[in-house]
Structure formats: structure tokens, C-alpha cells
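Undergrad: Turn this into a model:
(one chain, ligands or ions: 1)
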Amino acid sequence: MNSEVTHSKKTFVLGAGITGLVLAWKLAKNGYEVIIIESSSSPGGLAKTIEWDGFRFDNGAHNFFTYDSEVLTFYQELLGDKFRQKARNFKLYIFNKLLKFPFLGTEIITSLGSIKMINISISFLSARLKAFFVGELETPHLDEWIISRYGKALYRIYFRDYLFRVQKCDPHLLSSTIGMKKIPKMSVRKTLGEIFRKLFLSSPVSKNTSKSYYCKHGYGEMPMYFYRELIKMPNVTYRSEESVQNLTINEEKITSLKTDKHLYNTENADIISTIPLECLCKFTNPEFEHLTALSQKLQYVGMRFFHVKINKPSVTGCWFVNFNDKRMPFYRVGEYVFDEFDMLPEGYSSLTFEIPVNEGDEYFKMPDSELMPLLIERFNIVFSLSIDDVVGYKSVFSKHANPRLTLDYQDILKEIFNFILSIQNLYSLGRQGLFTYANLDHCTRMAFDFSKHYLEGSPKEGNKSLLNKYFHSGF
Ligand SMILES: Cc1cc2nc3c(=O)[nH]c(=O)nc-3n(C[C@H](O)[C@H](O)[C@H](O)COP(=O)(O)OP(=O)(O)OC[C@H]3O[C@@H](n4cnc5c(N)ncnc54)[C@H](O)[C@@H]3O)c2cc1C
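TA: Got it, this is the predicted structure:
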């Protein structure tokens with residue numbers, strides 16, 4: 001399809017995160033009339049860089065790393081010199097030790113004392129032997145899934161606390177699909193070999209030096225590129241600070257869309273949503289109330305990003321540090337220094353503490369002025385930072401930071417998506433729209449694949465194939 005064509009049909013794109021923006025840009029370039037509705041005052045969604053008195057802060061340390069060469073080339077060509085390689089200079093604080101990237105599972109284990117290592121080896125080996133003779137345990141519970149594959153000792157020493165801290169939930173209530181999707185497989189030979197080498201030979205683990213990408217002025221430049229292009233296009237309307245409130249269905253079609261500012265007639269329009277499902281599934285029709293209630297059962301882990309300006313050129317000496325230690329309310333701290341990425345003035349550095357929160361819990365409610373000294377005190381267990389070096393701080397909340405994959409999430413999603421697929425002019429994709437742990441490259445790929453189907457006249461097939469890719473059961 002060429003860019004001269006103007007389509008009579010309107011397309012509403014809900015949400016201006018990376019998925020919505022790339023998708024809107026693809027459709028607008030192909031002549032569609034696109035109306036983007038975004039609740040926030042600025043675009044970018046989860047991938048936003050905020051500016052504050054000459055400092056730029058990322059909401060969560062992002063690095064762009066992908067195996068998708070088409071997506072990589074796309075950003076290299078569009079963003080040019082702004083999109084640069086950045087060394088994966090990360091650290092992990094665990095068992096009172098600071099490890100450097102890559103954090104190999106075996107290296108983490110071998111940083112423990114000898115008794116714990118022997119304990120882990122025996123428990124890991126017996127779990128693998130059991131799986132070999134009896135078969136892998138199929139269980140919906142994440143804790144049981146991990147124990148059956150990695151042994152009780154490793155679960156107790158490592159996984160249990162980590163999951164409690166990051167998911168803010170008992171791992172027994174989480175789905176084993178998290179294990180399948182997020183926990184890398186550990187080979188028996190390699191793991192036990194590394195433990196043996198560490199115990200008896202003290203030989204080091206090999207390091208890799210792979211690169212990832214980052215943008216000058218912050219990764220928020222990725223969504224900002226599309227935003228700046230879109231608002232120049234005559235066939236695009238960008239409505240910010242406008243929140244989708246509800247949808248009305250008539251004969252398997254969304255006939256109107258209501259926001260807090262307008263009522264849109266959508267009889268002759270498509271609605272492509274990238275907003276959280278709980279915000280989308282609010283239907284005025286009483287017969288669909290159960291879907292609204294169902295979508296509200298999907299849980300999220302919120303995140304409090306605590307940004308700190310520091311009157312010192314560097315604190316941690318790396319891009320970000322993961323903390324796996326009960327004493328720290330934060331699970332990761334990102335650092336920016338004065339360099340080619342131009343995030344802050346010379347002589348300063350900045351830190352962003354990422355604190356997983358449930359609405360209403362201690363670290364959700366604590367005022368910034370109380371939280372700041374607490375964070376610095378805990379941070380000082382590992383790094384040295386004086387409160388006198390802090391020249392400014394503030395926190396930003398994200399309610400929908402990470403989907404929490406509870407035991408029933410797949411049943412809920414299945415019912416919601418079967419419904420969305422049955423509505424002629426409604427589609428849902430993106431990290432929020434599919435309720436999945438997708439990264440920036442996956443979201444870009446979703447926008448590519450869906451827009452291709454859309455332009456070729458098979459959008460339902462496009463939505464189905466994304467569901468099958470990101471969600472285990474068949475649609
Ligand atoms: C802490 C953290 C760290 C991450 N690190 C990385 C990383 O290192 N590398 C990487 O590749 N990815 C990373 N990600 C993932 C990445 O940020 C996301 O994949 C991506 O930003 C999701 O884009 P999206 O457009 O699908 O969703 P979102 O960015 O969530 O966009 C949805 C948009 O919908 C809007 N919206 C919501 N409700 C409404 C409503 N009712 N009406 C109108 N608009 C609404 C929101 O304001 C938002 O702008 C990280 C994510 C988090 C939370």
C-alpha cells in the first residue's frame with residue numbers, strides 16, 4: 001500500500017507507549033486516518049525518560065538488547081547517531097558479594113560458602129535424578145516447579161526471597177509459566193562442574209562482553225521519535241491527557257468509545273488498544289459486566305522509581321546493579337554519569353532506585369523525605385554515598401509496571417481474548433494489551449507484525465498470531 005492513499009476508515013490507537021506509537025506511525029504512513037488517545041501528558045508509557053532541571057532520568061534502567069535484526073536495523077536507521085552501543089556494564093549484589101555481568105547461574109551458586117554449595121549440589125542432583133526416572137513434575141505452582149527442577153536448597157537460598165521481593169507475592173500463588181518463560185535451564189554437567197571447579201580448583205568462570213544499545217538523551221528518545229513524526233502528519237490526531245473510560249457494543253461491534261473528554265462514534269472505525277486490559281474491558285452494556293470484573297482480577301506489581309541527583313561524578317562505577325538482599329527495598333539501582341549520552345551536567349551523577357510495591361504497602365506510602373535516608377542507608381551497605389552528596393530527589397509511580405502471573409491468569413486471559421476476538425473492530429496488543437513481559441524489541445515486533453496483517457486486511461489473524469506467540473494456549 002502506498003503513502004498517497006487516504007482511507008475513509010478511522011483507526012483509533014489507544015495508548016502512546018512504544019507499541020501504540022510504532023503501530024500508529026506504520027498505519028499513518030500508509031494513509032490511514034489515525035487518532036491516538038493517551039491518558040498521560042507525555043508519550044512513551046513505560047519507556048519514558050523524564051527531564052528535571054538539567055537531569056534526565058529513566059523510569060527503570062532500560063537497555064535495548066535484541067536478537068531481532070530487523071528491529072535493530074530499524075532503530076539504527078531511524079535514530080542514526082542517537083542510537084548507540086553501550087557496554088553491558090552491570091553488577092549483581094548477592095550473598096554479600098558484588099558480581100560482574102554476565103551473572104551465570106553457576107557463578108552465583110559458586111559465590112556461596114562450601115557447605116551451602118555442597119548442599120545445593122546434592123539437592124540439585126537428586127531433583128534431576130528424580131526427573132530422569134519419574135519424569136518432569138507438571139504443576140501449576142511456581143515454587144513446586146522450581147523445586148522439582150533445581151532442588152529445594154537452591155529454591156530456599158535464592159529463588160524464594162527473590163520472587164517475594166520482585167513479585168511481592170507468595171511464589172506458591174504464582175503460575176509455573178513464569179519458570180518456563182523466565183528461568184534459564186541449568187545443565188547438570190555444567191552446574192556441578194562449575195561447583196566442583198570452584199570448590200577444588202578455584203578456577204574463574206569465563207566472561208562475555210556482549211553489547212546492548214541506548215539512546216543519547218535516554219531511551220525515551222525511542223518513543224519520542226515516533227511522537228514527533230506523528231504530530232507532523234495531517235492524517236493523525238494526537239489526544240493527550242485523555243483517558244479511555246468505556247466502550248459500547250452493538251451487534252459484535254464497538255459503536256462508541258467514551259473518554260473523560262469526548263464521545264467518539266466508532267461504527268466505521270477500528271480500535272487497536274495497547275492499554276492495560278482492565279482499562280479496556282469496561283463495557284457500558286450490562287451483559288458484559290462479568291468481563292469488566294474478570295479483567296480486574298488481573299494483577300500487577302507496581303514500581304516506585306526513586307530518582308536521586310548526586311553531587312559526585314560516579315557512585316557504583318556501572319550502569320546498573322541488581323540487589324538480591326532482603327535488607328534492600330529496591331531490587332535494582334541504575335546509575336547515569338556525565339558521558340556521551342548527555343543525561344546530566346558535568347561533575348554530577350544520578351541514581352534511580354527501583355522499588356517493587358503493592359498499592360498501600362510500606363514503601364508505597366512512605367513520603368519521599370523519609371524514604372530517601374532509608375534508601376541511602378541500605379545502599380551504603382554496598383557502596384559509599386553520603387547524604388550530603390544528595391542534591392535532589394523525587395519519586396515516580398508506575399501502577400502497571402509488571403504483570404503478575406497468578407495461578408488463574410491464563411484462564412482469565414483466555415476468556416477476555418476470546419471475547420475481544422469476537423468483536424469485529426477491536427484488537428489488543430503490546431505489553432499491557434497482551435498482559436505479558438514483552439520488552440521494547442518485542443513490542444516493536446508486535447507493531448510490525450500486526451500492522452502488516454492490518455494493511456493486508458487480516459487484522460484478526462494478526463491479533464491471533466500475537467496471542468499464540470506470547471500466550472501458551474492456542475487461539
Ligand atoms: C522497570 C522496567 C524495566 C524495563 N527494562 C527494559 C529493558 O531494559 N529493555 C527493554 O527492552 N524493555 C524493558 N522494559 C519493558 C518496556 O518498558 C516495555 O516493553 C514497553 O515500554 C511497553 O510498551 P507498550 O507500548 O506495550 O506499553 P506501555 O508503555 O505501558 O504503553 C501503554 C500506554 O497506554 C496509556 N494508557 C493506559 N491507560 C490508558 C487509558 N485508560 N486511556 C488512554 N491511555 C491509557 C499509558 O499511559 C501508556 O502510555 C522494562 C519495563 C519496566 C517496567
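
Undergrad: quick one: low-confidence parts of the stretch 101-250 of the chain?
TA: 102-110, 186, 188-210 (pLDDT under 70).

Undergrad: quick one: D368 from the ligand, how far?
TA: D368 sits 19 Å away from the ligand, going by CB to the nearest ligand atom, to the nearest Å. For the C-beta atoms, the positions are set from N, CA and C on the backbone; glycine is no exception.

Undergrad: Isn't that residue up against S395?
TA: Yes: with contacts counted by CB atoms under 8 Å, D368 reaches S395, the gap being 5.4 Å.

Undergrad: what do the two both touch?
TA: By CB atoms under 8 Å, 6 or more residues apart in numbering, D368 and S395 have these common neighbours: F306.

Undergrad: Those two - which one has more neighbours?
TA: Set D368 next to S395 and count neighbours by other CB atoms under 10 Å: S395 wins out with 19 against 13.

Undergrad: in the sheet, who's paired with the more buried one?
TA: F306 (DSSP bridges).

Undergrad: Dump the C-alpha coordinates for the helix or strand hosting L98 into CSV.
TA: Element membership for L98 (DSSP states H and E) is strand 97-100. Presented in CSV, the C-alpha positions along strand 97-100 are these (Å, rounded to 0.1, in the frame of the first residue of the first chain):
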residue,chain,number,x,y,z
LYS,A,97,29.3,-10.3,47.2
LEU,A,98,29.3,-8.0,44.1
LEU,A,99,29.4,-10.0,40.9
LYS,A,100,30.1,-8.6,37.4
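
Undergrad: Give the pairing partners of it; include direction for each.
TA: In the sheet, strand 97-100 lines up against strand 90-94 (antiparallel) (DSSP bridges).

Undergrad: who's in contact with the strand it pairs with?
TA: So strand 90-94 is contacted by 98-101, 103, 108, 111, 158, 316, 318-325, 382 (CB under 8 Å, 6+ apart).

Undergrad: 10 Å instead?
TA: Residues outside strand 90-94 that contact it (CB atoms under 10 Å, 6 or more residues apart in numbering) are 61, 63, 98-103, 107-108, 111-112, 158, 162, 212, 316-325, 328, 332-334, 381-383.

Undergrad: Of those, keep whichever come out buried.
TA: Buried members of the contacts of strand 90-94, counted by 16 or more other CB atoms under 10 Å: 61, 63, 99, 101-102, 107-108, 111-112, 158, 212, 316, 318-325, 328, 332-334, 382-383.

Undergrad: near the ligand, which of the residues you listed show up?
TA: Contacts with the ligand within those, as defined by CB under 6 Å from any ligand atom: N63.

Undergrad: just for the stretch 351-475 of the chain, where's the confidence low?
TA: Looking at the stretch 351-475 of the chain by pLDDT under 70, you get 472-474.

Undergrad: Around the ligand, pick out the residues from it.
TA: Counting by CB under 6 Å from any ligand atom, the stretch 351-475 of the chain sits next to the ligand at E354, A401, N402, G430, R431, Q432, A438, N439, L440, D441, C443.

Undergrad: Pull the number of nearby residues for the first one.
TA: Just to be clear, that refers to E354. Applying other CB under 10 Å, we find 23 residues neighbouring E354.

Undergrad: Same question for the last one.
TA: A count of neighbours around C443, defined by other CB under 10 Å, yields 30.

Undergrad: Let's see the strand or helix carrying it as PDB, backbone CA atoms only.
TA: Per DSSP H and E: C443 is located in helix 440-455. Output of helix 440-455 as PDB, limited to C-alpha atoms (Å, rounded to 0.1, in the frame of the first residue of the first chain):
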ATOM      1  CA  LEU A 440      10.900  -2.900  23.700                       C
ATOM      2  CA  ASP A 441      12.100  -5.100  20.800                       C
ATOM      3  CA  HIS A 442       9.200  -7.500  21.300                       C
ATOM      4  CA  CYS A 443       6.700  -4.600  21.400                       C
ATOM      5  CA  THR A 444       8.200  -3.100  18.200                       C
ATOM      6  CA  ARG A 445       8.000  -6.600  16.600                       C
ATOM      7  CA  MET A 446       4.300  -6.800  17.600                       C
ATOM      8  CA  ALA A 447       3.600  -3.400  16.000                       C
ATOM      9  CA  PHE A 448       5.400  -4.600  12.800                       C
ATOM     10  CA  ASP A 449       3.600  -7.900  12.600                       C
ATOM     11  CA  PHE A 450       0.200  -6.600  13.500                       C
ATOM     12  CA  SER A 451       0.400  -3.600  11.100                       C
ATOM     13  CA  LYS A 452       1.400  -5.900   8.300                       C
ATOM     14  CA  HIS A 453      -1.700  -8.000   8.900                       C
ATOM     15  CA  TYR A 454      -3.900  -4.900   9.300                       C
ATOM     16  CA  LEU A 455      -2.700  -3.400   6.000                       C
END
